[in-house]
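J.: quick one, fold the following:
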Amino acid sequence: MAFRIIFLEEFGKAFVPKRVIPHLRLFLLKADIPQVPYKFFGALFYLTALITAVVYLLFVYPFLLHYSSIVLLLASAASWFVIQILLATLFILLVYFYVDLRIYTRTRKMEEMLPDFLQVVASNLKGGMSFEKSLLGAIKPRFTILANEMAEVSKKVMTGHDVSMALSELGQKYDSPMLRRTIDLMIGELESGGQIAGLIDKIVANIKKTKVLKEEISASAISYMIFMGSIVIFIAPLLFSLSYNLLIVIIGFMSKLSIATSNVATLSINVSKSVNPDSFRYFSIGALAVISFFSSLIVSIVEKGNVKSGLKYIPIFLISSLSMYFIFMKVLGAVFSGLAFI
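T.: Coordinates of the predicted model:
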């Protein structure tokens, strides 16, 4: 009963529009999430409210204390509303990104298992089974995701659905041109009464050829990946660390000159005030993080032809780039510290 007081599920249902629920349910089913997580959405509401309260008390409220009570009340309500809306939008985008990435991963796994599954279906057809029984007999635990989806197709067929319609629903469920084209070809052959087993063998051969071609294209793009990786991991950190140490040298050199001549003093003060070494160091770290992020996406496009498969490169590029930056900072700092004018 104590857990019912916070009304997680009730808040989650309240903030999800009814007309969005069917589309949300279909979207979550693609990611193997059978139920809409209303309690999770309710917990997100409480989390955004807590973060909003912290931000308001630490930053907004002290700034509004100098105004009148009416202005304080109106500004507090508006700022609270805007902050929580922005936080809720951020969390929704993060959840959408996670679910979309999970759908993409499931789709790629299905495409990898599709040739082996079709070979089993073709073998069953050649053994004398009907197409519906061949699909059911090809469902094996080793096909995992694809087996679950085909089990749903078989359940629809056994409950009276047309096999062509059940397969079409599966093809439209996932954003996979390979799966969709395969299903369309099989449906067309079934409706025309042709040799479905021979067609499936040809489909499997074409899928395997396509896979080999993609691997060859990825192998031919390895030089571009090495070039991008060397820039991100070695060249960019080296240049930023070299620029930082040169800045330290210039500031030290100008400060020594300012002691000797009063004319240079103004110049040295301006240089020191305009460029802060610590600020440049923070800028370098941020710039390397941005470069690593977008470089991983570029490498993914060159290698796989899409952005989502490059997310695995982001931590690799980011950690390697920042590690080399700090290493170069130590090495170049020791080298430049030996100069006489520092």
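J.: distance of Thr48 relative to Ser320?
T.: From Thr48 across to Ser320, the span is 34 Å (CB to CB, to the nearest Å). Yep, even glycine has a C-beta here, placed from its N, CA and C like the rest.
J.: Phe317 is in contact with Met225, isn't it?
T.: No - taking contacts as CB atoms under 8 Å, Phe317 lies outside contact range of Met225: 11.0 Å.
J.: so who does Ser220 touch?
T.: Under the criterion of CB atoms under 8 Å, 6 or more residues apart in numbering, Ser220 has no neighbours.
J.: name the next helix or strand downstream of the longest helix anywhere in the chain, please.
T.: Secondary structure of the chain read by DSSP state H shows that its longest helix is helix 69-126. Counting by DSSP states H and E, the next helix or strand C-terminal to helix 69-126 is helix 131-137.
J.: now stretch 314-331, how far from the chain's geometric center?
T.: 22 Å (CA atoms, centre = their mean, to the nearest Å).
J.: that should have said stretch 87-95, apologies.
T.: Remark: stretch 87-95 is offset 14 Å from the chain centroid, using CA atoms, centre = their mean.
J.: ok, and what's touching that stretch?
T.: Contacts for stretch 87-95 (CB under 8 Å, 6+ apart): 44-45, 47-48, 51-52.
J.: residue ranges with poor pLDDT in this protein?
T.: By pLDDT under 70, the weakly predicted segments of the chain are 1-6, 257-275, 338-342.
J.: with neighbour numbers in mind, choose between Phe317 and Met225.
T.: Phe317 (24 against 17; other CB atoms under 10 Å).
J.: any idea which element that one lies in?
T.: Going by DSSP H and E, Phe317 is part of helix 313-336.
J.: report the separation between Ser218 and Lys304.
T.: Using CB to CB, one obtains 7 Å as the distance from Ser218 to Lys304.
J.: for His161, grab phi and psi.
T.: phi -70, psi 150 (degrees, to the nearest 10).
J.: I'd like to know how far it sits from Val204.
T.: According to CB to CB, His161 and Val204 sit 26 Å apart.
J.: so between those two, which is more surrounded?
T.: Higher neighbour count among His161 and Val204: Val204, with 19 against 15, using other CB under 10 Å.
J.: OK, contacts around the more buried one?
T.: 115, 118-119, 122.
J.: and of these, the nearest to Ile291?
T.: Pro115 (38.4 Å; CB to CB).
J.: ok, now which ones touch that closest one?
T.: 204, 207-208, 211.
J.: try 7 Å
T.: Listed by CB atoms under 7 Å, 6 or more residues apart in numbering, the contact partners of Pro115 are 204, 207-208.
J.: check Glu9 too.
T.: 38-39, 42.
J.: distance to Asn245, secondary structure and neighbour count added to those, as a markdown table?
T.: Below are the contacts of Glu9 laid out as a markdown table (distance: CB to CB, whole Å; DSSP: H, G, I helix; E, B strand; the rest coil; neighbours: other CB atoms under 10 Å):
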| residue | distance to Asn245 | secondary structure | neighbour count |
| --- | --- | --- | --- |
| Tyr38 | 55 | helix | 18 |
| Lys39 | 53 | helix | 18 |
| Gly42 | 52 | helix | 21 |
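J.: cool, thanks, talk later.
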